[in-house]
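Enquirer: need the 3D shape of this:
(chains A and B)
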2 protein chains.
Amino acid sequence: MADEVILLDFWPSVFGMRVRIALAEKGIEYEYRGEDLWNKKSSLLLEMNPVHKKIPVLIHNGKPVCESLVIVEYIDEVWNDRAPLLPSNPYHKAQARFWADYVHKMVNDLGRKIQWSRGEKQEAAKKEFIECLKVWFYTYETVGNFSVEAECPKLIAWAKRCFEKESVSKSLPDQHKVYNFAMGLS
Amino acid sequence: MADEVILLDFWPSVFGMRVRIALAEKGIEYEYRGEDLWNKKSSLLLEMNPVHKKIPVLIHNGKPVCESLVIVEYIDEVWNDRAPLLPSNPYHKAQARFWADYVHKMVNDLGRKIQWSRGEKQEAAKKEFIECLKVWFYTYETVGNFSVEAECPKLIAWAKRCFEKESVSKSLPDQHKVYNFAMGLS
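Expert: A predicted model of the protein is given here:
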């Protein structure tokens, strides 16, 4: 029996993007079900992730896996015959997990602060974000009026190398579209 | 060459306890170096975890691994010939990771709120904590004046089964000692 893979997602979600990239790297065919989180969550989402009620959820042969980093490791372990996502060496794997956790917290905590706070609080979050030097998001830069490229050119060089991979470039929405969405412009 | 394993820890830390239990389960001999976090952090801690500057840090043959959940997985992968800590089936492993992440966030976020807030905020945190039903800590119960046992007897039954294992009971400090410490009583 062929695997049935369904992804419950929301297109501007950076956590969803992670899973989309992992699936693309592995060349896994799947059904994409976009949720409209501004309106009503689907009954399938509530059934599949009753704890957090959040996307992304990967449904593999009827069974749900939740939380983007958990999903990425699951994908890597189930489809372990191709395109490894994590190093096999335990120490290198621990380092990858450490940085994934770090970026996850940063995007979750600081990204939100930059987006939703103003004035001194936003300045503090921007400063902390730049110090973290770990992600590059057009929306945060534009809202916060700063340039990650100027602050951390090596990070941008890395991001550009990532974008040369189809699994990345084809899995992510246009950054201007995400900005417009985040600002309520579209 | 025998493995050199050092644990940088702080005795009341629940994140440190996690690592102590994992090491005990695997029967790994290690040198315990207790930090005095109320005073000055050791130069070794700052050198080994320059990003977060936090315990626990496992130093294995001179190389640091940070973040308690990352450390537990590292231990499980390096000493993979005995006492598996995570299931081998990828789906069960994903479930274990999901709940570990869940408990981690709950202890980090709600545990702190119960400990440091008062009045309405503390009440809200207590309610959320009880709803989460996932850990059992004497300190939080006493500070928050509620009983996890009354609210969730199955959880307590599970905790008691855990305590029957020497790797758990011998790795954790006395709960009254932790309470006194947390309250500044000792």
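Enquirer: ok, residue A:20 touching residue A:173?
Expert: No: in this structure, residue A:20 sits apart from residue A:173 without contact. The criterion is CB atoms under 8 Å, and the distance is 9.7 Å. Quick note: C-beta positions are derived from backbone N, CA and C, even for glycine.
Enquirer: more neighbours, these two?
Expert: Neighbour totals were compared for residue A:20 and residue A:173, and residue A:20 leads with 22 against 14 (other CB atoms under 10 Å in any protein chain shown).
Enquirer: so who does that one touch?
Expert: A:7, A:9, A:171-172 (CB atoms under 8 Å, 6 or more residues apart in numbering or on different chains).
Enquirer: kindly report the same for residue A:73.
Expert: Applying CB under 8 Å, 6+ apart to residue A:73 gives the contacts A:85-86, B:93-94, B:97.
Enquirer: which parts of chain A sit against chain B?
Expert: A:51, A:60, A:63, A:65-67, A:69-71, A:73-74, A:77-78, A:90-91, A:93-94, A:97-98, A:101-102 (CB under 8 Å from any CB of the partner chain).
Enquirer: sorry, back to before: out of the contacts of residue A:20, who's nearest residue A:27?
Expert: Proximity to residue A:27 was ranked across these by CB to CB; first place goes to residue A:171, at 12.3 Å.
Enquirer: could you look up the SS state of the closest one?
Expert: When the structure is reduced to helix, strand and coil (DSSP: H, G, I helix; E, B strand; the rest coil), residue A:171 reads as coil.
Enquirer: after the helix or strand bottoming out on mean pLDDT in chain A, next one along is what?
Expert: Among the secondary structure pieces of chain A, namely its helices and strands, helix A:138-144 has the lowest mean (mean pLDDT, DSSP states H and E), a mean of 64. For helix A:138-144, the following helix or strand on the C-terminal side (DSSP states H and E) is helix A:148-151.
Enquirer: counting by contacts, list what that following helix packs against.
Expert: Helix A:148-151 sits against helix A:153-163, with contacts defined as 3 or more CB pairs under 8 Å, 6 or more residues apart in numbering or on different chains; DSSP states H and E.
Enquirer: from the chain's centre, how far out does the helix it packs on sit?
Expert: In terms of CA atoms, centre = their mean, to the nearest Å, the gap separating the centre of helix A:153-163 from the centre of its chain is 16 Å.
Enquirer: list the helices and strands that helix packs on?
Expert: Right, helix A:153-163 is packed against helix A:148-151 by 3+ CB pairs under 8 Å, 6+ apart.
Enquirer: pLDDT of the helix it packs on, averaged?
Expert: Across helix A:148-151, pLDDT averages out at 71.
Enquirer: regarding chain A, what is its longest helix?
Expert: In chain A, assigned by DSSP state H, the helix with the most residues is helix A:90-106.
Enquirer: in it, what counts as buried?
Expert: Within helix A:90-106, the residues that qualify as buried are A:90-91, A:93-98, A:100-104, A:106, counting by 16 or more other CB atoms under 10 Å in any protein chain shown.
Enquirer: sorry, back to before: among the contacts of residue A:20, name the buried ones.
Expert: For those, a burial check counting by 16+ other CB under 10 Å picks out A:7, A:9, A:171-172.
Enquirer: now the strands for chain A?
Expert: Along chain A, the segments classed as strands by DSSP state E run A:5-9, A:31-34, A:57-60, A:63-66.
Enquirer: who does the second one pair up with?
Expert: The strands beside strand A:31-34 in its sheet (DSSP bridges) come out as strand A:5-9 (parallel).
Enquirer: using CSV, write down the CA coordinates of the partner strand.
Expert: Provided in CSV are the C-alpha atoms of strand A:5-9 (Å, rounded to 0.1, in the frame of the first residue of the first chain):
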residue,chain,number,x,y,z
VAL,A,5,0.5,11.7,3.5
ILE,A,6,-1.5,14.8,4.2
LEU,A,7,-0.2,18.1,5.5
LEU,A,8,-2.4,20.5,7.4
ASP,A,9,-0.8,23.9,7.0
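Enquirer: contacting residues for residue A:165?
Expert: Contact criterion CB under 8 Å, 6+ apart gives residue A:25 as the residues in contact with residue A:165.
Enquirer: before we move on, the earlier item: what's the longest helix of chain A in contact with?
Expert: The set of residues external to helix A:90-106 that reach it, using CB under 8 Å, 6+ apart, is A:68-69, A:72, A:86-87, A:129, A:132, A:134-135, B:51, B:60, B:63, B:65-67, B:69-71, B:73-74, B:77-78.
Enquirer: can you check stretch A:8-18 too?
Expert: Under CB under 8 Å, 6+ apart, the answer for stretch A:8-18 is A:7, A:19-20, A:32-37, A:42, A:44-45, A:48-49, A:55-59, A:68-69, A:71-72, A:107, A:111, A:137, A:171-173, A:177-178, A:181-182.
Enquirer: please pick the buried ones from the residues you listed.
Expert: Buried, going by 16+ other CB under 10 Å: A:7, A:19-20, A:35, A:37, A:42, A:45, A:48-49, A:55-59, A:68-69, A:71-72, A:107, A:111, A:137, A:171-172, A:178, A:181-182, out of the contacts of stretch A:8-18.
Enquirer: no more questions from me, cheers.
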